[in-house]
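Colleague: Give me a 3D structure for the following:
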Amino acid sequence: MVVVIVGGGWAGCAAAYSARAAGARTVLLEKTDMLLGTGLVGGIMRNNGRFTALEEVRALGAGDFIRVIEEAATHRRVDFPGHRHAMLYDVTRIEPAVKNLLLSRGVQLKLQKRVVSVAKQNNLITDITTADGETVKGDVYVDCTGTAGPAANCTRFGTGCAMCILRCPTFGPRVSFTASAGVEEIRAGEGFPHFEAMSGSCKLDKKSLAAALVKELENKGVLVMPLPPHLQKAEQLARKACQQYATSDFFENLIILDTGHAKLMTPYFPLEILRTLDGFKDARYADPYSGGRGNSVRFMAIAPCDDSLRVPGVANLFCAGEKTGLIVGHTEAIVTGFLAGHNAVRLIDGKEPLSLPAELACGDIISYMHEEMKTPAGLGQKYTFSGSVYFQRMRDLGLYTTDAAAIKEKVARTGLAGVFKKRLLD
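Modeller: This is a model prediction of the structure:
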């Protein structure tokens, strides 16, 4: 029995690992030449409620997957404005580590395989075709194609192709698997609020910065540098996908994190102005190359799914990551990826798909987001364990804690301890 995952970002990698752990033959297709998507330029985990969520998914059975990320971490328990106990992984080292993990578990990887068409019989997907003409057959499919790209959307809603890590001009535009399967998506602007947003940070090449700044950044993991009032641009942050980093601290200061590159926590910052600041006279963007003007645009189309992440209208389709709703972040992608991959195998095994209980933050965020997205106000928000409206909800409900033992015990009380590593198929 075969599970096919389309899209190799954090959600797709987690779904592939989860489906393989449950016993299915697993094929992961990715349109570019590397895995992890925006995870190649992200690097932040464990900040605020993401600590709780990552420990929950560890207790649910994702321990080996999480350990690989932890081994690529260069800083732990970093505090920066509005965020505590962050773990920063090295974006220059993470992709080979995750790729090797998947290969070691028997996941079949197909890189530079952009899906362009979906074949169906009745309400079942039978096979898919890639741009180079290959046909891939599966029993259950998981859409992890994300919501960023193609370049035309960055032109329509942003400032044009910013030459970001997704590299649409080279590897082709993103194709929504769900839409290709004939399911009507929730699309920005089509009877809904414009919920599209820019990716929330840029990467500076460390070698282009003053040596003293780099030394301090690598020692502390974070730099907070006050900006003069005339350079404080609050309107830039209003367009961020990551609303948890859109507070006043982030336009009153340059906030930079050490993720292998120097991660500048703003969607863009004019290069000619950046170079007027002390230590930045030779600054150069590593991603996106046009980070002085704009960034990639995300949240263009979302799959209508239930809390088990099953997509209605197609009997053998699940989704994960940003396709599931207005959910932001690597941890959030990993949570939904593990759930979707596991549920794909449950479907093959004749079991009802699993919805995570609301006693866990990992379950509550999915059900809460889906409920809120039924309202215009809810469609104007982004949902993340690390801030915005959902982290406040975590605290109000008592779901937020950094006590790993207590989190493990809570997961055990739900009866789901280790569920994501239980083999369902022989």
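Colleague: So residue 105 sits against residue 21, correct?
Modeller: Yes. Assessed by C-beta atoms under 8 Å, residue 105 is found in contact with residue 21 at 7.2 Å. C-betas here are computed from N, CA, C, even on glycine.
Colleague: Tell me which of these two has more neighbours.
Modeller: Set side by side, residue 105 and residue 21 show unequal neighbour counts under other C-beta atoms under 10 Å, the larger going to residue 21 at 25 against 14.
Colleague: which regions of the stretch 201-350 of the chain lie under the pLDDT threshold?
Modeller: For the stretch 201-350 of the chain, applying pLDDT under 70 flags the ranges 232-246.
Colleague: which residues of it fall in strands?
Modeller: Counting by DSSP state E, counting those that start in this stretch, the segments of the stretch 201-350 of the chain that form strands are 202-204, 222-226, 253-258, 262-264, 285-287, 297-298, 301-302, 317-319.
Colleague: Against residue 176, how distant is residue 138?
Modeller: With distances taken as C-beta to C-beta, to the nearest Å, residue 138 is found 17 Å from residue 176.
Colleague: Also residue 400?
Modeller: According to C-beta to C-beta, residue 400 stands 33 Å off from residue 176.
Colleague: So for the two, which residue has more residues nearby?
Modeller: Set side by side, residue 400 and residue 176 show more neighbours around residue 176, with 23 against 18, by other C-beta under 10 Å.
Colleague: what residues are up against the nearest residue to residue 313 once chain neighbours are set aside?
Modeller: Once flanking residues are discounted, residue 313 sits nearest to residue 183: 4.9 Å by C-beta to C-beta, 6 or more residues apart in numbering. Contacts here follow C-beta atoms under 8 Å, 6 or more residues apart in numbering; on that basis residue 183 touches 303, 304, 311, 312, 313, 314, 317.
Colleague: From the residues you listed, pick the one nearest residue 36.
Modeller: When the contacts of residue 183 are compared for distance to residue 36 (C-beta to C-beta), residue 303 comes out closest, at 20.6 Å.
Colleague: That closest one and residue 180 touch, don't they?
Modeller: No. Using C-beta under 8 Å, residue 303 is not in contact with residue 180; the gap is 11.4 Å.
Colleague: burial of residue 109, as a residue count?
Modeller: Neighbourhood size, residue 109 [other C-beta under 10 Å]: 17.
Colleague: Assumed it was part of a strand.
Modeller: Yes. Counting by DSSP: H, G, I helix; E, B strand; the rest coil, one finds residue 109 located in a strand.
Colleague: Check what pLDDT the spatially closest residue to it that is not a sequence neighbour gets.
Modeller: In this structure, residue 109 finds its nearest non-sequential neighbour in residue 28, 5.4 Å apart by C-beta to C-beta, 6+ apart. Among the per-residue scores, residue 28 shows a pLDDT of 98.
Colleague: any idea how far residue 28 lies from residue 223?
Modeller: The spacing between residue 28 and residue 223, counted by C-beta to C-beta, is 36 Å.
Colleague: same question, residue 207
Modeller: Using C-beta to C-beta, residue 207 is found at 16 Å from residue 223.
Colleague: which of these two has more neighbours?
Modeller: Each of residue 207 and residue 223 has its neighbours counted (other C-beta under 10 Å); residue 223 has more, 20 against 11.
Colleague: Report the contact partners of the more buried one.
Modeller: 213, 216, 217, 254, 255, 256.
Colleague: One more pass at 7 Å, please.
Modeller: The contact partners of residue 223, taken as C-beta atoms under 7 Å, 6 or more residues apart in numbering, are 213, 216, 217, 256.
Colleague: now swap in residue 253 and tell me
Modeller: Neighbouring residues of residue 253 by C-beta under 7 Å, 6+ apart: 224, 225, 226, 227.
Colleague: which phi and psi does the last one have?
Modeller: Residue 227 has phi and psi values of phi -100, psi 140 when expressed as degrees, to the nearest 10.
Colleague: from memory it sits against residue 249, does it?
Modeller: No. In this structure, residue 227 sits apart from residue 249 without contact. The criterion is C-beta atoms under 7 Å, and the distance is 10.8 Å.
Colleague: The chain - how does it break down into domains?
Modeller: Taking automatic domain parsing as the reference, the chain has its domains at 2-196+297-421, 198-287.
Colleague: looking at the ones you listed, which is buried most?
Modeller: domain 2-196+297-421 (a mean of 21; mean count of other C-beta atoms under 10 Å).
Colleague: Off-centre distance for stretch 296-309?
Modeller: Averaged C-alpha coordinates place stretch 296-309 at 12 Å from its chain's average position (C-alpha atoms, centre = their mean, to the nearest Å).
Colleague: Can you dump the C-alpha atoms of that stretch in CSV for me?
Modeller: Once side chains and other backbone atoms are set aside, the C-alpha atoms of stretch 296-309 remain, and they are given as CSV (Å, rounded to 0.1, in the frame of the first residue of the first chain):
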residue,chain,number,x,y,z
SER,A,296,7.5,35.8,-1.2
VAL,A,297,3.7,36.0,-0.9
ARG,A,298,2.0,33.2,1.0
PHE,A,299,-1.6,32.1,1.9
MET,A,300,-3.0,32.3,-1.6
ALA,A,301,-5.2,29.2,-1.4
ILE,A,302,-6.2,26.8,1.4
ALA,A,303,-7.8,23.4,1.3
PRO,A,304,-11.2,23.0,3.0
CYS,A,305,-10.4,20.1,5.5
ASP,A,306,-11.8,18.7,8.7
ASP,A,307,-9.9,18.4,12.0
SER,A,308,-8.4,15.0,10.9
LEU,A,309,-7.0,17.0,7.9
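Colleague: Dump the lengthiest helix in the chain to CSV, restricted to CA.
Modeller: In the chain, assigned by DSSP state H, the helix with the most residues is helix 330-348. Coordinates of the C-alpha atoms in helix 330-348 are reproduced here as CSV (Å, rounded to 0.1, in the frame of the first residue of the first chain):
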residue,chain,number,x,y,z
HIS,A,330,7.6,25.0,11.1
THR,A,331,6.4,23.4,14.4
GLU,A,332,2.8,23.8,13.1
ALA,A,333,3.7,22.2,9.8
ILE,A,334,5.4,19.3,11.6
VAL,A,335,2.3,18.7,13.8
THR,A,336,-0.1,18.7,10.9
GLY,A,337,2.3,16.6,8.8
PHE,A,338,2.6,13.9,11.4
LEU,A,339,-1.2,13.8,11.7
ALA,A,340,-1.9,13.7,8.0
GLY,A,341,0.7,11.0,7.3
HIS,A,342,-0.6,8.8,10.1
ASN,A,343,-4.2,9.3,9.0
ALA,A,344,-3.4,8.4,5.4
VAL,A,345,-2.3,4.9,6.7
ARG,A,346,-5.2,4.6,9.0
LEU,A,347,-7.5,5.1,6.0
ILE,A,348,-5.6,2.3,4.2
